[in-house]
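[1] Sequence below, structure please.
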Amino acid sequence: MNTRRPRQKEKTTEESPTKSPTKENDAKSLLSKSSSRRSIRKFKSHKSIPIKLDSILQANLKDEDWSPKKKIHLPLFKTCQHHVTFLVSHFGLVLSHNPKVAMCLFMCCTAGCIILFKQIVDAQQQTTELIKSNFTDIKSVYDVSLGTIDHWCLLGGDECNCDDPLEPTSREEQDHWISAHNKNKNSIKSMIDLEGKSGIDVVFLGATIPEEWNGRKFGKNATEFDDVRMSFQRRFRKDQGGHYQGLPLGISGDTSPNVLWRLRHGEMKDLNPKFWWIILGKNDFTSEQCSAEVVLLGILRVIEEIRTHHPDVNIIVNSILPLSGNRDGRIASRDVRVLGPGAELINNGIKRRRTKFLFWSENKHKQASDINIKVKKHMGLYWPAAAAVNQQLRIFCEKNKRNTYYFDSNLLFLHKTNRGKFIKKELMSDMLAGDLTEKGHLAWHRAIVKKMKTIEKANKL
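    Okay, here's the model as predicted:
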């Protein structure tokens, strides 16, 4: 037993120096591993920032621009250059493999560029002033002159069916027109016999719309307008609960020279209402293809004719209604420059759209294709021209303090979105011809009553 114990001690003494260095090594290895793991975790936690060398070289970034929060943008010229290089390289690849396909693509691209260039040139030519003269300073009939007209037709030039806006023009060759004119005179006589000359509050003078309010079409009673006639009478017949006594005088398809003829031949002689409500201009554009200047002069000529015989009467000028050849009701528009005081850009920023449009004609003796064959592809010219006329009419009414007022019905029939201006479908059944729904007539009647009450209140009539 005594001999074993010292051996064990020696063994322990011999083993102890060999075990101590291994522990130190193990500790060092553990420390190194933990530090490496921490560094790895730290490296993984750090988000790497990808930097494009090309964009750094091209943009010449400074030291302070090396930030992950700042975006690096390629210059526009370099971006276009990359796209062009891409297209040219692929075109060369197609040319080397299939020359015929490459030539077809080249010809198509060339034709597309030519068409695009032609459209741009046409647009630049059409953005000239639609109304070059200032007609807002007209004070009497003698101030209205044809010498200031630049062109007579909507498409430019003088080759159209547009009549002289200053001379009265009849449609006596049409039997229905004379019959409708005689019925208007009979309506005037009946109203005067019933209410007296001063018993009529408002006379609505125009073409298609006032005749529909009378329940007629081309001088004949039309059952499809019975509801429209009843809606009108509920607001403009005092014996049926209306606030005003109104008289509509219209014949479908009439232009401003036709209305001027009617005024001089019995439709104004014995009338002395408080208000004249003028609804003109649409047919001058659509049926006769007149320019904006001619249409404006025609409306002003009718206003001054009334003013000559009734200097103190209140005249309300209704804006020209919008039309659209698009199914969604979007009106074709572009920038229009109108000269004169208060002129501004109309429909700014809305692109003009060309739509094939066959203008209709109320004249049975003329074929629509013969009249409008040049205008079929230029529906986009109607609304800019109409908007230019509306703008000048507004300025005219604001400048003339002789009881002349402007009524903007487009606020009623149009709604504006980010895509442009659209006709309200619930108010206009045929947006191509401008036919209103029963709801559209009703909304217009209410707006007219509101406008007249506002004028009466302001002037204490």
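[2] Flag the shaky bits of the stretch 201-350 of the chain, pLDDT-wise.
    332-350 (pLDDT under 70).
[3] ignore the last one, the stretch 1-150 of the chain
    1-83, 118-130, 132, 137, 139-145, 147.
[4] So Leu205 is in contact with Leu247, correct?
    No: assessed by CB atoms under 8 Å, Leu205 is found out of contact with Leu247, at 9.4 Å. To be clear about C-beta, it is placed using only N, CA and C from the backbone, and glycine gets the same treatment.
[5] between the two, who's got more neighbours?
    Shown here are Leu205 and Leu247; by other CB atoms under 10 Å, Leu205 has more neighbours (27 against 24).
[6] So that one: helix, strand or coil?
    Here Leu205 is recorded as strand under DSSP: H, G, I helix; E, B strand; the rest coil.
[7] roughly how far apart are it and Gly250?
    7 Å (CB to CB, to the nearest Å).
[8] shared neighbours, these two?
    Ile279 (CB atoms under 8 Å, 6 or more residues apart in numbering).
[9] Now for Asn314: which residues touch it?
    Lys274, Phe275, Trp276, Asn403, Thr404, Tyr405, Ile455, Asn459, Leu461 are the contacts of Asn314 under CB under 8 Å, 6+ apart.
[10] ah, wrong one, I meant Val202
    By CB under 8 Å, 6+ apart, Val202 lies in contact with Phe236, Tyr244, Gln245, Gly246, Leu247, Pro273, Lys274, Phe275, Trp276, Trp277, Met452.
[11] List just the nearest of those residues to Cys108.
    Nearest to Cys108 among those, counting by CB to CB, is Trp277 at 55.2 Å.
[12] Is that closest one bridged to anything, and to what?
    Trp277 has the following beta-bridge partners by DSSP bridges: Phe204, Ile316.
[13] What is the neighbour count of it?
    Neighbours around Trp277, by other CB under 10 Å: 23.
[14] picking up where we left off before, would you reformat the contacts of Val202 as a markdown table and include secondary structure and distance to Cys290?
    Formatted as a markdown table, the contacts of Val202 follow (DSSP: H, G, I helix; E, B strand; the rest coil; distance: CB to CB, whole Å):
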| residue | secondary structure | distance to Cys290 |
| --- | --- | --- |
| Phe236 | helix | 31 |
| Tyr244 | coil | 32 |
| Gln245 | coil | 34 |
| Gly246 | strand | 29 |
| Leu247 | strand | 28 |
| Pro273 | coil | 28 |
| Lys274 | coil | 31 |
| Phe275 | strand | 27 |
| Trp276 | strand | 22 |
| Trp277 | strand | 22 |
| Met452 | helix | 30 |
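[15] Can you tell me which of these is nearest Ile306?
    Nearest member of these to Ile306, counting by CB to CB, is Trp276, at 5.4 Å.
[16] Excluding chain neighbours, what is closest to the closest one?
    Leaving aside its sequence neighbours, Trp276 sits nearest to Ile315 (CB to CB, 6 or more residues apart in numbering; 4.9 Å).
[17] Against Gly329, how distant is the one you found?
    The separation that Ile315 has from Gly329, given CB to CB, amounts to 31 Å.
[18] which SS class is the nearest residue to Pro311 once chain neighbours are set aside?
    Using CB to CB, 6+ apart and skipping residues adjacent in sequence, the residue nearest Pro311 is Arg402, 7.6 Å away. Put simply, Arg402 is coil when judged by three-state DSSP.
[19] Arg402 contacts Ile306, correct?
    No: using CB under 8 Å as the test, Arg402 is too far from Ile306 to be in contact (11.2 Å).
[20] Going along the chain, name the strands of the stretch 101-250 of the chain.
    Assigned strands in the stretch 101-250 of the chain, in chain order: 202-206, 216-217, 220-221, 246-250 (criterion: DSSP state E, counting those that start in this stretch).
[21] I'd like those strands as a markdown table, with distance to Cys153 appended.
    Shown next, in a markdown table, are the strands of the stretch 101-250 of the chain (distance: least, CB to CB, whole Å):
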| stretch | distance to Cys153 |
| --- | --- |
| strand 202-206 | 23 |
| strand 216-217 | 29 |
| strand 220-221 | 32 |
| strand 246-250 | 26 |
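[22] nearest to Leu414, of those strands?
    strand 202-206 (19.7 Å).
[23] what are the C-alpha coordinates of the closest one, in CSV please?
    C-alpha atoms of strand 202-206 as CSV (Å, rounded to 0.1, in the frame of the first residue of the first chain):
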residue,chain,number,x,y,z
VAL,A,202,-89.8,85.7,-70.3
VAL,A,203,-89.5,84.8,-74.0
PHE,A,204,-87.2,81.9,-74.9
LEU,A,205,-85.8,82.6,-78.3
GLY,A,206,-83.9,79.9,-80.2
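[24] now the angle from it to strand 246-250?
    Angle of strand 202-206 versus strand 246-250, following axes from the mean of the first three to the mean of the last three CA atoms, to 10 degrees, is 10 degrees.
[25] ok, back up a step: for my notes, please list the contacts of Asn314 in JSON lines and give distance to His151 and neighbour count for each entry.
    What follows is these, written out as JSON lines (distance: CB to CB, whole Å; neighbours: other CB atoms under 10 Å):
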{"residue": "Lys274", "distance to His151": "39", "neighbour count": "18"}
{"residue": "Phe275", "distance to His151": "34", "neighbour count": "23"}
{"residue": "Trp276", "distance to His151": "30", "neighbour count": "23"}
{"residue": "Asn403", "distance to His151": "33", "neighbour count": "19"}
{"residue": "Thr404", "distance to His151": "27", "neighbour count": "20"}
{"residue": "Tyr405", "distance to His151": "30", "neighbour count": "19"}
{"residue": "Ile455", "distance to His151": "36", "neighbour count": "17"}
{"residue": "Asn459", "distance to His151": "39", "neighbour count": "10"}
{"residue": "Leu461", "distance to His151": "41", "neighbour count": "13"}
